[in-house]
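K.L.:
Fold the following and give me the result.
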Amino acid sequence: MSKHLTIVDHPLVQHKLSIMRDKSTSTKSFRQLLREISLLLAYEVTRELPMTIDRIETPIEPMDAPTLDGKKLALISILRAGNGLLDGVLELIPAARVGFVGLYRDERTLQPIQYYFKVPEALEDRLVIALDPMLATGNSSVAAIDLLKEAGATNIRFMCLLAAPEGIQRMKEAHPDVPIVTAAVDQRLNEHGYIVPGVGDAGDRMFGTK
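P.N.:
Below you'll find the predicted structure:
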């Protein structure tokens, strides 16, 4: 996967996203829809996984069958909202290794502050998929990718629900080697760093907090 930005415009993705945007959608429904969309996005972000051939026996006869090659993937949730994408991707790839990057945004400076980092070993041998529903300013995403590269990751992809043009540009400047897969690119950021029209605060809507 070399294209820097992939927008998954599948009708099911777009329909579910529209329901999530609606402010009257419940916490339960928002969380369920995010999990469903994450499954569909995961198909795209894993499209070019390396394959090998293994000899197996079907009930009818032996055959050379395509299977995934290399070490298991690493899924990295950028806390806390990344967990909403993680659940769905794990359904699709249950054997994946899982890591967590804890970052929160200083509401005054909009800069990320790290509070937790725990990732699988041998990241340099794995495809690493970083998960965060919102690519807004891009500051937290860039900081998370910085940390993953410091931990050895060399093959990274970033999966999000929504992206703002400002965040895409920031990521492209800082990490041009990290493809982004998203369901939509919205208009802009507002003065508080939220995506417009967006879905609001994904973490708050997912967990029912304010």
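
K.L.:
Beyond the helix ranked longest in the chain, next helix or strand please.
P.N.:
Assignment by DSSP state H gives helix 27-45 as the longest helix of the chain. Per DSSP states H and E, the first helix or strand lying C-terminal to helix 27-45 is strand 51-57.

K.L.:
Quick check: neighbours of that following strand in the sheet, parallel or antiparallel?
P.N.:
Counting by DSSP bridges, the strands paired with strand 51-57 are strand 62-68 (antiparallel).

K.L.:
what's in contact with the strand it pairs with?
P.N.:
49-57 (Cβ atoms under 8 Å, 6 or more residues apart in numbering). The way it works is simple: take the backbone N, C-alpha and C, and place the C-beta from them, glycine included.

K.L.:
in it, what's buried?
P.N.:
Within strand 62-68, the residues that count as buried by 16 or more other Cβ atoms under 10 Å are L68.

K.L.:
pLDDT on that strand, on average?
P.N.:
Mean pLDDT, computed over strand 62-68, is 94.

K.L.:
same for the helix or strand bottoming out on mean pLDDT in the chain, what does it pack against?
P.N.:
Ranked by mean pLDDT, DSSP states H and E, the weakest helix or strand in the chain is helix 202-207, scoring a mean of 84. Counting contacts by 3 or more Cβ pairs under 8 Å, 6 or more residues apart in numbering; DSSP states H and E, helix 202-207 packs against helix 27-45, helix 82-92.

K.L.:
I appreciate the help and will end here.
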